[in-house]
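Peer 1: pasting the sequence and the predicted model now:
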Amino acid sequence: VEDVFSIQDEIARAIVGALQLQIAGAQAAALVTPATPALEAYNLYLLGRFHLNRRNEAGFEQAIEYFNQAIAVDPAYAQAHAGLADSYSLLAHHGFLDPEAAYPKARQAAERALALDEALAEAHASLGLIARDHDGDVDAAEAHFQRAVELNPGYASAHQWYALLLERTGRHEAAEAFTRHAMELDPLSPAIHTTAGNQYRDEGRYQDALRQFERALEVAPDDAGALWGAYSVQQRLWDQDGMEQTLQRLIAADPADPSVHAQYALYLMWHGRRDEAFSEIGTALGLGGGQRASVHETHAKLLYWDARYAEAVAAAQVALTLDPDSPGALLTLAGANWQLGRKDAAAGAYLKQLIRSGEVSLEQLGALFSDFNAQNLEAAFESLAELGHLLDGLELDELIEQAVEAKLEGAGSGCGEHAYPIATLYALEGRDAAAIACLELAFKRGEPGLLGVAVDPIFARLRQDPRVVELLKGLGVEPGEGAGQGG
């Protein structure tokens, strides 16, 4: 077994000779020189890559263990350092680790890999991933991805990650071309098939997307990325049975993932299965979801939909202690305070959400969805109490009216880019016809948030309207099925 590298060396040299490759000496050496002389380190590295490609939290954590073990055996093993960098980057990318904890470790490992081998494609791809997802530096990310592809045209992950950058920057045709090439290089990679599926989904090619996710699941039946991708398409197609089956597959694949239980709780609540929904969110909180803002945000939504407004306020506040910028928690806090008659608190939460999202400035409260970036005002909004001076004489209905009118000025359809939230604003104002028009548009667009119409108290009156009754049937939710019961 110890002779495996010498055998590989002989085979590689024979291939190079047989093909009569006309390449520089250093490049030829790179083709036949093993990355590490230690077979144990190499085996540990392969195990690390295997677990990294599982693309779930447990897989990333196991990959880190194996890459660290490989580095302990051979500290100069550049590829192992690059693998370690990717593990930390993807932990953060998938929401399993605080980015501020993950990316410094990823950067340190990637830079170490590059210091050990400046011509290592994996190291450049690792740095490109960090520049893309953490630094927001498009130019640096593109330079690293291009260098990685140049150094190793056969490295599929570099093509995949570059495709995602191209997609984000609006170069859709180029993105699809890189994704297709990545699939040709590694047709057994669930992650690459999932990337293709996500691209098709975002273009509205839902059946093509589902086929791509199915291909990923043929290779890895429990792949979380492909299952979540399929779920996102099923949401847009209002395939309620498919959604539940996919959520159950996600739970079976990783019963300890609190985010899956939280999402299933939402689904159950949409369908009026109240007791099951609260049991499921209890499971999520007990599995470590108590440390995740998203799980508390979901808990707050369930309580709000169940007309338990004071409890919803408390749950939303817990979410905001973990993530002060959580838009869902802020909106739930606003809605619950509104239902409790606390207009100032409701307006404060709503206004804070607008400012946090960069949709409104201090100078122009009604300038919804403007290009003004309010991040420099963050220090002024550390707590809702600090918003009090902005609310003197301002009732929530006035704020809503300002926001809606400003939104309509820039929205040709009257409902804007995301119709469901605007329908909520109209419903708050009592402008039922406009609210229903936006709900119908949200249905045509396949906006996933629309399922909230089955349970949100704001729409309680509208759920009696025949047009909304038909819309609910189209969603696969029977009228009255999802309404909160209180208690």
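Peer 2: Perfect, thanks for sending it.
Peer 1: any idea which helix or strand in this protein has the lowest mean pLDDT?
Peer 2: Using mean pLDDT, DSSP states H and E, helix 25-32 stands out as the lowest-scoring helix or strand of the chain, at a mean of 40.
Peer 1: going on from that one, what's the next piece of helix or strand?
Peer 2: As assigned by DSSP states H and E, the chain's next helix or strand after helix 25-32 is helix 39-52.
Peer 1: ok, residues contacting that following helix?
Peer 2: For helix 39-52, contacts defined as CB atoms under 8 Å, 6 or more residues apart in numbering pick out 1-2, 4-5, 34-36, 59-60, 62-67, 69-71, 73-74, 77, 79-80, 83-84, 86-87, 90. C-beta here means a position set from N, CA and C on the backbone, and glycine is covered the same way.
Peer 1: 6 Å instead?
Peer 2: 36, 59, 62-63, 66-67, 69-70, 73-74, 77, 80, 83, 87 (CB atoms under 6 Å, 6 or more residues apart in numbering).
Peer 1: what average pLDDT does that helix get?
Peer 2: For helix 39-52, mean pLDDT rounds to 91.
Peer 1: most neighbours among the contacts of helix 39-52, which one is it?
Peer 2: Neighbour tally across these (other CB atoms under 10 Å): the maximum, 32 neighbours, falls on Ala80.
Peer 1: does that residue count as helix, strand or coil?
Peer 2: With DSSP: H, G, I helix; E, B strand; the rest coil as the basis, Ala80 sits in helix.
Peer 1: quick check: closest non-adjacent residue to it.
Peer 2: Excluding its sequence neighbours, the residue lying closest to Ala80 (CB to CB, 6 or more residues apart in numbering) is Ala70, at 4.0 Å.
Peer 1: where along the stretch 251-400 of the chain do the helices fall?
Peer 2: Applying DSSP state H, counting those that start in this stretch to the stretch 251-400 of the chain gives helices spanning 258-270, 274-286, 293-305, 309-322, 327-339, 343-356, 396-409.
Peer 1: just how off-centre is the second one within its chain?
Peer 2: Just to be clear, that refers to helix 274-286. Relative to its chain's centre, helix 274-286 lies at 22 Å (CA atoms, centre = their mean, to the nearest Å).
Peer 1: what's in contact with that helix?
Peer 2: For helix 274-286, the external contacting residues (CB under 6 Å, 6+ apart) are 258, 261-262, 264-265, 268-269, 295, 299, 302, 485.
Peer 1: list the buried residues of it.
Peer 2: Neighbour counts using 16 or more other CB atoms under 10 Å place 274, 277-278, 280-281, 283-285 of helix 274-286 among the buried residues.
Peer 1: what about Ile214, helix or strand, and which?
Peer 2: To be clear, residue 214 is Glu; Ile isn't right here. Secondary structure assigned from DSSP H and E places Glu214 in helix 206-219.
Peer 1: downstream of that helix, the next helix or strand is which one?
Peer 2: Once the chain leaves helix 206-219, the next helix or strand it forms, by DSSP H and E, is helix 224-236.
Peer 1: CA-only coordinates of that next one in PDB, if you can.
Peer 2: Provided in PDB are the C-alpha atoms of helix 224-236 (Å, rounded to 0.1, in the frame of the first residue of the first chain):
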ATOM      1  CA  ALA A 224     -29.900  18.700   2.200                       C
ATOM      2  CA  GLY A 225     -29.100  21.300  -0.400                       C
ATOM      3  CA  ALA A 226     -31.100  19.400  -3.100                       C
ATOM      4  CA  LEU A 227     -34.000  18.700  -0.800                       C
ATOM      5  CA  TRP A 228     -34.200  22.400   0.200                       C
ATOM      6  CA  GLY A 229     -34.000  23.300  -3.400                       C
ATOM      7  CA  ALA A 230     -36.800  21.000  -4.300                       C
ATOM      8  CA  TYR A 231     -38.900  22.400  -1.400                       C
ATOM      9  CA  SER A 232     -38.400  25.900  -2.700                       C
ATOM     10  CA  VAL A 233     -39.700  25.000  -6.100                       C
ATOM     11  CA  GLN A 234     -42.700  23.000  -4.600                       C
ATOM     12  CA  GLN A 235     -43.500  26.200  -2.600                       C
ATOM     13  CA  ARG A 236     -43.700  28.200  -5.900                       C
END
